[in-house]
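Student: structural data only, the sequence is not supplied:
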C-alpha cells in the first residue's frame, strides 16, 4: 500500500514516530502505538538462543489482556547487551507507563538495528516523551511508524483491511520491517498488528501462532536467524466488550493469516539487493514440516539464488538442494517446474526451451518454483529472493 492509499485504522489506537537520534542517519527511529483501552496481546518471537532484551521482556508478558502500548526503536537492537540491556528495557517501559498512567508490565518493547551496543537512554526517554505527546489516531501517525521501524528496508510494509464481525464493522491494520538477516524461525523482522475486534487472549495467541507459521516462518533472504524477531497482535480486551466467537472468530483468523502472509511476502521482495521475489511450492511431502525443510533448503541455496539472479534455468541446483535437505525420498518421485515450464519429471530431465525460460527470468521480477514428491499430502509455500552483488556490498559495508 502506498502513502496515498486510505487505510482502515482501528478506532481506539494512536501512533506516532519521532527522530530520537538513535539511528546514525538521523531519521525517524522511535515509535509508539498506544491503545485507549486494555488490549489482549499475543506474540511470537525468534528462536535464537541469543535473543534481545526486549524479546525476553515481551515473552514474559504475553499472552495478556491488559497491554496498553508498544514502544519500538530502530537503529539499536539491544541484543547481546547483558544486564544493562535488561535494565534499559525496564526503564523504557517504566518511563512510557508513567506518562500513560499504567503499569510497566502493560508496555511491550521491540528493537531493531545493530547488535551489541547499549541504548542511549537519554535519547530513548526524550523520544518516548515526544512520541507519546504527538500520538494521533490519524493515518499520518501510522504512516510515520511504518517508516520509523525501517533499517535497511527500501520501502514500508503495510496491511489494512475492513471486516464485518458479528454484524458490526472492524478493522485490522499491520506494519512490518525486514530486508536481511532473514531466516526462519523467524527473521530479522518486526511486525505489529492491531484490531478493534474484541478477542480473548486465549484465542488471540493460537490465531497469531498459526498465522506466523504460515507466513513469517516461511520466508528467507539468506537464512540467518536474527536475535530480535517479534510479531505482536493487539485486540480489544474482553473487558471492553463481548469477545468474538464461532464463525466470527474463524473469519478473524483468516484475516490475520492474510495480513501476515501479505506482510511476510513483502520482506523477501524487499530483500537487500534483490531483483527477484521467488515463490517455492513443495507438494507431496509426508507432512508440512517435511515440505518446509525441502523448501528452505532450496530457498537458502546460494547456487539456486544466484542462478535465478543470472536468469540461468539451472534446475540441477534446485533438485540437488532438495536432495541434501535431510528428507529421505527417492529421486524417481521428484518433478520440477520453473515458472510453469516442466523441467524434470519423475527423476528424468525434460527437453525445454532454455532461451525462453531464461528470457522469462530476465524480464519478470517474480519467479515460481514448484517441486513435487509422492510421499503424502504435505505441502508448503515459501518465499525468498535472489542473491546479488548488491547484497554482498550492503552487508560488507553495514555493521550488523
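Tutor: Now that the structure is in, tell me what you want to look at. The structure presented is a predicted model; accordingly, all values stated were derived computationally and were not measured. Numbers count the residues shown, from 1 in each chain.
Student: now do the helices in this structure.
Tutor: Counting by DSSP state H, one finds helices in the chain at the ranges 53-59, 82-100, 121-134, 139-148, 201-213, 246-269, 288-300, 302-309, 315-323, 354-363, 389-397.
Student: does residue 317 touch residue 301 like I think?
Tutor: Yes: with contacts counted by C-beta atoms under 8 Å, residue 317 reaches residue 301, the gap being 6.4 Å. The way it works is simple: take the backbone N, C-alpha and C, and place the C-beta from them, glycine included.
Student: more crowded one of these two?
Tutor: In this view residue 317 and residue 301 are compared by other C-beta atoms under 10 Å, and residue 301 has more residues nearby, 21 against 18.
Student: contact partners for the more buried one?
Tutor: 317, 318, 321 (C-beta atoms under 8 Å, 6 or more residues apart in numbering).
Student: just the closest of those to residue 381, please.
Tutor: residue 318 (15.7 Å; C-beta to C-beta).
Student: tell me, how many residues neighbour the closest one?
Tutor: 25.
Student: 50 is where my numbering starts, stick with that
Tutor: Taking 50 as the first residue, the last one we looked at is residue 367.
Student: pretty sure it sits against residue 348.
Tutor: No: Residue 367 is not in contact with residue 348 according to C-beta under 8 Å; the separation is 10.3 Å.
Student: now render the contacts of residue 350 as JSON lines, adding distance to residue 64 and pLDDT.
Tutor: JSON lines is the format used below for the contacts of residue 350 (distance: C-beta to C-beta, whole Å; pLDDT from 0 to 100):
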{"residue": "366", "distance to residue 64": "44", "pLDDT": "96"}
{"residue": "367", "distance to residue 64": "42", "pLDDT": "97"}
{"residue": "370", "distance to residue 64": "42", "pLDDT": "96"}
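Student: ok, of the residues you listed, which one's closest to residue 437?
Tutor: When the contacts of residue 350 are compared against residue 437 (criterion: C-beta to C-beta), the nearest one is residue 366, at 16.3 Å.
Student: quick check: the nearest residue to that closest one once chain neighbours are set aside vs residue 401, distance?
Tutor: Excluding the flanking residues, the one nearest residue 366 by C-beta to C-beta, 6 or more residues apart in numbering is residue 352, at 4.4 Å. For residue 352, the distance to residue 401 (C-beta to C-beta, to the nearest Å) stands at 19 Å.
Student: residue 358 now?
Tutor: Applying C-beta to C-beta to residue 358 and residue 401 gives a distance of 20 Å.
Student: any idea how far the residue of the chain most remote from its centre lies from residue 406?
Tutor: Relative to the mean C-alpha coordinate of the chain, counting by C-alpha atoms, centre = their mean, the farthest residue is residue 400 (38.9 Å). To residue 406, residue 400 is 12 Å away according to C-beta to C-beta.
Student: which ones are touching the residue nearest to residue 372 when sequence neighbours are not counted?
Tutor: For residue 372, ignoring the flanking residues on the chain, the nearest one in space by C-beta to C-beta, 6+ apart is residue 380 at 6.9 Å. Going by C-beta under 8 Å, 6+ apart, residue 380 touches 368, 372, 396.
Student: out of those residues, who has the most neighbours?
Tutor: For the contacts of residue 380, counting by other C-beta under 10 Å, the largest number of neighbours falls to residue 368: 20 neighbours.
Student: what about this protein, any weak spots by pLDDT?
Tutor: 50-53, 228-237, 271-275, 289, 440-449 (pLDDT under 70).
Student: got the domain boundaries for it?
Tutor: In terms of domains, the chain is parsed into 62-318, 326-446 (source: automatic domain parsing).
Student: of the ones you listed, which is nearest residue 54?
Tutor: domain 62-318 (7.6 Å).
Student: count of neighbours near the residue nearest to residue 366?
Tutor: By other C-beta under 10 Å, neighbour count at residue 352 equals 15.
Student: thank you, goodbye.
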